[in-house]
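**Student:** compute the structure for the input listed below.
(2 chains)
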Amino acid sequence: MQVATKDQRLMEGSTTKPTLSFRGVNLTFSDGTDALRDINLDISQNEFVSIVGPSGCGKSTLLRVASGLEDASSGALETDHDHLGYVFQDATLLPWRTVSGNVGLLAELRKLPKPEREKKVADALELVGLDKFANYHPRRLSGGMRMRVSLARALTMDPQVFLFDEPFGALDEITRERLNDELTQLFVTRQFAALFVTHSIFEAVYLSTRVVVMSPRPGRIIAEFKIPFAYPRQPEIRFTPQFAEIAGNISEALRKELD
Amino acid sequence: MTIIETVNSPISTSQSSPKRTNALKRINNIVPPLILFGVIIAIWEILSASLSGARKFLLPTPQSVLMQGILSPDAYTEILPSFVRTAALALAGLMVAIILGMIVAALMYRFKWLERASFPYLVALQAVPVLAIAPLMAVVFGYSFTAKGIIVVLIAFFPIPANFLLGLRSVDKGLIDLFRLNKASWWTRFFKLALPNALPQLLTGFRISAGLAVIGAIVGEEFFQAGVPGLGMRLLQYLDQVEYHRLYGALILSSLLGISFYTFFTRLSHRLLRNWHESVQA
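**Tutor:** Prediction:
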């Protein structure tokens, strides 16, 4: 089976220094809830890792720990917090700001000089194809476009590590697939390390170089699957037998844990 | 590079000849109230005509109210300064209520213990019949502008901190995370996130308090019955003197004052929120 052993994982990690690294991370909330247990995970530049698992298994918590929003109870986390992109479940835009005002928010909070900020905004908007909508307010945009604004905002951080918390979960299937393609293209051009949380096994397989399966609470990593398809990925690979087999294996690993 | 070739836009479709629809909308907004206004005046006229001779003074005709109660020189030289006086009183009280109320809410937002400590008293303030303490005000401050102003503040105060605090507290959790991730200070979070987020609720508070301030000013003046006469005092004076034309004139001006306060804050709210808030249609 494709379940990687701990040794294999360490070997992969040793080729380049990981950009995001969890070492024996445990997290117990103050109310006693055991959220994460012994998480070991290394993600290098140019790796796209998706996490799948049942609801409430601590996937999102893992991202919060990675970003520094939540501190681990024990264990170590290493990453570059100054080049960290974080895309939330919702677009989390400021409705009173225009698209460009929203995209420029993070640079503004980090007090970058105005010309530099404006350049970052323009670049990011072009990258997600929203340059014509710079002066629109979010409420005039569709759900997919709002998510792109959110992506563009994160891109202004020049992320080395990119965290995604089920960003496309609320979108319709067609928009979701299109954003999946755009995201893989961004991944190819920007070469960040990505950690992507999703409910959808198919989305995970389509996007990732590696898929990690988590157990129900307390969240542990119970299986890892390497995804062999080359980038840029073609939408058709979703319908190949190999794709179906991998998705089936992941699904089986998830089911086994739930029984 | 561009990633997207097409962008699904709900924007271009919704703008079929905007000028014409706007004009139509305006007519739609103006005509029904005008018709109703006509109906009300007609009913007033009929009621007034139907009163028998001895009771006729209770409801003068609309025309005589307008001509004798407001537009005749000895009427308006008396009532207009009173109108201005009451407007100034309501406005001053409202401004103080707004400034104090916003500061109180901001402090409660910053220090949760302060909210726990003081909110019961704010609620109690609501329950206290403010006019009952008017005599006390008169003793302490005399029949002054200040004394009446304090009544206005007390009556108009509560909606400001209550609504503002609600708005400050209802910031999306994800946005708070986003600001925290980027090491925003409390002040930054307040000014760039909580304050604009609270604007719709704050403006609602303004609108409610504006109406209350006008009521507070007029009722406060009626209660004091001394000092520089505003609309409230005139109302009682005309009642005593059986000057019903002027009484109705003063009533109409009082309503106008309330309506203009309300309209001002509704317009302000619309202007500030039209780009982004659900309550204002694009």
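**Student:** kindly state the pLDDT recorded for the closest residue to chain B within the stretch 101-250 of chain A?
**Tutor:** Minimum separation of the stretch 101-250 of chain A from chain B (C-beta to the nearest C-beta) falls at A:Gly129, amounting to 3.3 Å. Quick note: C-beta positions are derived from backbone N, CA and C, even for glycine. pLDDT, A:Gly129: 91.
**Student:** and it, that one's in a strand?
**Tutor:** No - using DSSP: H, G, I helix; E, B strand; the rest coil, the assignment for A:Gly129 is coil, not a strand.
**Student:** how many neighbours does it have?
**Tutor:** When neighbours are defined as other C-beta atoms under 10 Å in any protein chain shown, A:Gly129 has 19 of them.
**Student:** now B:Leu193
**Tutor:** 20.
**Student:** excluding its backbone neighbours, what's nearest B:Phe83?
**Tutor:** Among residues not flanking B:Phe83 along the chain, B:Leu253 sits closest, at 5.1 Å (C-beta to C-beta, 6 or more residues apart in numbering or on different chains).
**Student:** please name the nearest non-neighbouring residue to B:Ala90.
**Tutor:** Here the residue nearest B:Ala90, using C-beta to C-beta, 6+ apart, is B:Ala217, at 3.9 Å.
**Student:** return the residues in contact with the one you found.
**Tutor:** B:Thr86, B:Leu89, B:Ala90, B:Gly93, B:Lys148, B:Val152, B:Gly230, B:Leu231, B:Gly232 (C-beta atoms under 8 Å, 6 or more residues apart in numbering or on different chains).
**Student:** what residue ranges in the stretch 1-150 of chain B score low on pLDDT?
**Tutor:** B:1-18 (pLDDT under 70).
**Student:** quick one: the helices in the stretch 1-150 of chain A?
**Tutor:** A:6-15, A:59-67, A:99-103, A:105-109, A:114-127, A:143-155 (DSSP state H, counting those that start in this stretch).
**Student:** redo the ones you listed as JSON lines? Include distance to A:Phe168 and mean neighbour count.
**Tutor:** Below are those laid out as JSON lines (distance: least, C-beta to C-beta, whole Å; neighbours: other C-beta atoms under 10 Å in any protein chain shown):
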{"stretch": "helix A:6-15", "distance to A:Phe168": "27", "mean neighbour count": "12"}
{"stretch": "helix A:59-67", "distance to A:Phe168": "15", "mean neighbour count": "23"}
{"stretch": "helix A:99-103", "distance to A:Phe168": "18", "mean neighbour count": "24"}
{"stretch": "helix A:105-109", "distance to A:Phe168": "21", "mean neighbour count": "21"}
{"stretch": "helix A:114-127", "distance to A:Phe168": "17", "mean neighbour count": "17"}
{"stretch": "helix A:143-155", "distance to A:Phe168": "7", "mean neighbour count": "24"}
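**Student:** coming back round to it: now do the strand or helix carrying the residue nearest to B:Phe83, average pLDDT.
**Tutor:** If you go by DSSP states H and E, B:Leu253 is part of helix B:244-273. On average, the pLDDT along helix B:244-273 is 93.
**Student:** how about stretch A:211-220?
**Tutor:** pLDDT averaged over stretch A:211-220 gives 90.
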